[in-house]
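1. My questions concern the predicted model and sequence given below.
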Amino acid sequence: SYTSADHTLSRVALELFSKVYTRRMRLRLVGLRFTGLVHGNHQMNLFEDTEEQMSLYQTMDYLKNRFGSDAVGRASGFD
């Protein structure tokens, strides 16, 4: 499936992690790689991403590009 929505990518990544993680195992580092990415103007979407969500992500990308990757993020990502 294809999407450009951050919340969808995060949710699927957590679902995959939950399938392989065993509580008896100690983790020090987990990596994640996305491949086959295409430019946002050529989005192939099988999920229901609303225009409002896409506008939000475009604005977040703009702020990150202008002020740095830590300039803005999802509140659930802050500890």
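-> Received, thanks.

2. any idea how far Gly73 lies from Asp61?
-> Per Cβ to Cβ, to the nearest Å, Gly73 is found 12 Å from Asp61. Where you see a C-beta, it was placed from the backbone N, CA and C, and this is true even at glycine.

3. and if you look at Ala5?
-> Taken as Cβ to Cβ, the span from Ala5 to Asp61 is 12 Å.

4. Of these two, give the one with the bigger neighbour count.
-> Between Ala5 and Asp61, counted using other Cβ atoms under 10 Å, Ala5 has the larger neighbour count: 18 against 14.

5. Quick check, pLDDT for that one.
-> If you check Ala5, the pLDDT there is 73.

6. do the one 4 residues further on as well
-> Per-residue pLDDT puts Leu9 at 82.

7. Check whether it really touches Leu32, as I assumed.
-> No: between Leu9 and Leu32 there is no contact under Cβ atoms under 8 Å: 9.0 Å.

8. Compare those two and say which one has the larger neighbour count.
-> A count of neighbours by other Cβ under 10 Å puts Leu9 above the other of Leu9 and Leu32, at 13 against 9.

9. Leaving out chain neighbours, which residue sits closest to that one?
-> Excluding the flanking residues, the one nearest Leu9 by Cβ to Cβ, 6 or more residues apart in numbering is Thr3, at 6.7 Å.

10. Next one: the most far-flung residue of the chain relative to its centre relative to Leu14, how far apart?
-> Farthest-out residue of the chain from its mean C-alpha position, per Cα atoms, centre = their mean: Arg24, at 27.3 Å. Using Cβ to Cβ, we find Arg24 at a distance of 20 Å from Leu14.

11. One more: Arg26?
-> Counting by Cβ to Cβ, the separation of Arg26 from Leu14 is 19 Å.

12. Among these two, which residue is more densely surrounded?
-> Leu14 (11 against 5).

13. Which SSE is immediately downstream of the helix or strand harbouring the more buried one?
-> Element membership for Leu14, per DSSP states H and E: helix 6-20. Using DSSP H and E, the helix or strand that follows helix 6-20 in sequence is helix 51-67.
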